[in-house]
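Asks: next one to model:
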Amino acid sequence: MATPRFSDSPDARSKSITIADGLDTFGILNQHSVGNTAFQVGVSDDKGTRRYMEDAHSFVVDFAGVRGQGFFAVFDGHAGKHAAEWCGEHFHEYLLGSLRTSSSSTIPDILNETFHNVDRRISLLCEESDGKIHSGCTAVTAFLRIEDADGDQSFLASPITNQPSAAIPSPEDTKSVASVQESPVSDSEEGASPDKTNKKPKSASASPTNRFTRALKNLGGGGNSPPSSPASLPATENNTNTSAVVYPPPSFRRMLYTANAGDARGVLCRAGKAVRLTYDHKGSDKQEAKRITDAGGFVMSGRVNGVLAVTRSLGDSSMKEFVVGSPYTTETQLTDDDEFMILACDGLWDITGDQGAIDLIRNIKDAQEASRTLVQHALSKQTYDNVTVIVVRFNHGAP
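Replies: Numbers count the residues shown, from 1 in each chain. As a prediction, the model looks like this:
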């Protein structure tokens, strides 16, 4: 089996944020498109008082080649940086793979499939490292999808437009592990209790191939934290992904699909009110505690087997019998009342509630400034964890 390669840095790193050098450039990881007017993305992070940076993040503008679509995610690592950093670089590729090979499935089912595929891949990383890697990460992901009125994408010639072709994966393709970089540990503490009922996801299918990953290699990479303002970001010098995006028809709807595992959280601002999009999977939750005890484990002091504060995650292969990768999913049709969305790790949510975060940034129109404000607020309140925040401000009426 291939041995994964890692950088010497103990900090998790996300690909540097850039700006596209042409109107028709799309699909690059952590790259703002100069032609996108559908939303603004702001990303800020800080390792706080922790020794290492354990979080990773990712976003893709005009995701899957459709103008106005977007993918956004925050990954909060623990027991090592590897899972979070790997997800930051590759999760979106696996989602693209599932969209391509499972085009007849619903988006929540595709997100569920993606979570399971990624969870298995990280477990393989652990197996092939001879015990050197045993990390996991919580995850909150959001897919902003442009649809026809009936929920389809009939304006597309194929399920994924303008993406490189690749062979459909076989189970054996999961045996080869892609090269990754390292990421540090975050011992997630407990925050507020969840306020939603968990959904039971369906079983997953085979994961995308390395061939597909290589075909989409220009979507991944490594880098550091984002500059303070998108306006100051340099243009990309070596951008080769210049196929034209597909523009949706005049009549379309925006659907926001979210999926999370663990206590990384997503919150929507609807007419000034906070709407929770995710579910906090913690040992303090009665439903989750029952699931774990039914599986033969136990919860002590709010921690699974006395160790892990979260009950769902990607990775954590040594505890996979109890700490599952099954996500909680939601789908929301956006209206003019929906102003912005916050995705963040528990470094923010341990400090402030959903409505408090909304109130703090509602009048800040620049998404980057808003994300930075939330991070600075958490730091000023002496958060003990890493903090990563993505703010997506919606511009209604523009694809």
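
Asks: can you give me the helices in this protein?
Replies: Assigned by DSSP state H, the helices in the chain fall at 82-101, 107-128, 210-215, 286-294, 346-349, 354-361, 367-380.

Asks: what's the least confident stretch among those?
Replies: Ranked on mean pLDDT, the bottom entry among those is helix 210-215, at a mean of 38.

Asks: which strands or helices does the strand ranked longest in the chain pack on?
Replies: If you go by DSSP state E, the chain has its longest strand at strand 136-147. Contact here means 3 or more C-beta pairs under 8 Å, 6 or more residues apart in numbering; DSSP states H and E; on that basis strand 136-147 packs against strand 70-78, helix 82-101, helix 107-128, strand 253-261, strand 265-270, strand 314-315, strand 338-344. To be clear about C-beta, it is placed using only N, CA and C from the backbone, and glycine gets the same treatment.

Asks: go with 6 Å
Replies: The contact analysis (3 or more C-beta pairs under 6 Å, 6 or more residues apart in numbering; DSSP states H and E) places strand 136-147 against strand 70-78, helix 82-101, strand 253-261, strand 265-270, strand 314-315.

Asks: let's see that strand as CSV, backbone CA atoms only.
Replies: This file holds the C-alpha atoms of strand 136-147, laid out as CSV (Å, rounded to 0.1, in the frame of the first residue of the first chain):
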residue,chain,number,x,y,z
GLY,A,136,-10.6,13.0,13.2
CYS,A,137,-12.5,16.2,12.5
THR,A,138,-15.9,17.6,12.9
ALA,A,139,-17.4,19.1,9.7
VAL,A,140,-20.0,21.5,8.6
THR,A,141,-20.6,21.8,4.9
ALA,A,142,-23.1,23.8,2.7
PHE,A,143,-23.9,23.4,-1.0
LEU,A,144,-25.7,26.4,-2.5
ARG,A,145,-27.5,24.9,-5.6
ILE,A,146,-29.2,26.5,-8.5
GLU,A,147,-32.3,24.6,-9.5
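
Asks: name the strands paired with it and say parallel or antiparallel.
Replies: Sheet neighbours of strand 136-147, with direction, are listed as strand 70-78 (antiparallel), strand 253-261 (antiparallel), strand 314-315 (antiparallel) (DSSP bridges).

Asks: and it, average pLDDT?
Replies: Strand 136-147 shows a mean pLDDT of 95.

Asks: do stretch 314-328 as well
Replies: Summarised as a single mean, pLDDT over stretch 314-328 is 88.

Asks: now that stretch, how far from the chain's geometric center?
Replies: How far stretch 314-328 lies from its chain's middle: 16 Å, per C-alpha atoms, centre = their mean, to the nearest Å.

Asks: go on, stretch 365-375?
Replies: 18 Å.

Asks: list the buried residues of it.
Replies: The neighbour-count check on stretch 365-375 (16 or more other C-beta atoms under 10 Å) flags Asp366, Ala367, Gln368, Ala370, Ser371, Arg372, Thr373, Leu374, Val375 as buried.

Asks: can you tell me what sits against it?
Replies: For stretch 365-375, the surrounding residues in contact (C-beta atoms under 6 Å, 6 or more residues apart in numbering) are 40-44, 46, 229-230, 348, 361, 364, 387, 389, 391, 393.

Asks: for the most centrally placed residue in the chain, list each beta-bridge partner.
Replies: By C-alpha atoms, centre = their mean, the chain has its centre lying nearest to Ala73, at 2.2 Å. Beta-bridge pairing for Ala73 (DSSP bridges): Ser58, Thr141.

Asks: for the nearest residue to Gly325 once chain neighbours are set aside, give its distance to Phe322.
Replies: The shortest distance from Gly325 to any non-neighbouring residue, by C-beta to C-beta, 6 or more residues apart in numbering, is to Asp119 (3.2 Å). As judged by C-beta to C-beta, to the nearest Å, Asp119 and Phe322 stand 13 Å apart.

Asks: these two: which is more packed in?
Replies: Neighbours per residue (other C-beta atoms under 10 Å) separate Asp119 from Phe322, with Asp119 holding more: 29 against 23.

Asks: that one and Ile351: what is the separation?
Replies: Using C-beta to C-beta, one gets 28 Å for the distance from Asp119 to Ile351.

Asks: same deal with Phe340?
Replies: Note on Phe340: its distance to Ile351, by C-beta to C-beta, is 19 Å.

Asks: likewise for Asn112?
Replies: Applying C-beta to C-beta to Asn112 and Ile351 gives a distance of 30 Å.

Asks: swap in Glu288?
Replies: Glu288 is 23 Å from Ile351, where distance means C-beta to C-beta.

Asks: just want to know which of the two has more residues nearby.
Replies: Between Glu288 and Ile351, counted using other C-beta under 10 Å, the more crowded position is Glu288 (24 against 21).

Asks: let me see the contact set for the more buried one.
Replies: Neighbour list for Glu288: His281, Thr311 [criterion: C-beta under 6 Å, 6+ apart].

Asks: what do you get if the cut-off is 7 Å, keeping everything else the same?
Replies: For Glu288, the contact set (C-beta atoms under 7 Å, 6 or more residues apart in numbering) comprises His281, Lys282, Thr311.

Asks: tally of neighbours for Ala84?
Replies: Ala84: 38 neighbours (other C-beta under 10 Å).

Asks: average pLDDT across stretch 17-31?
Replies: Average pLDDT, stretch 17-31: 75.
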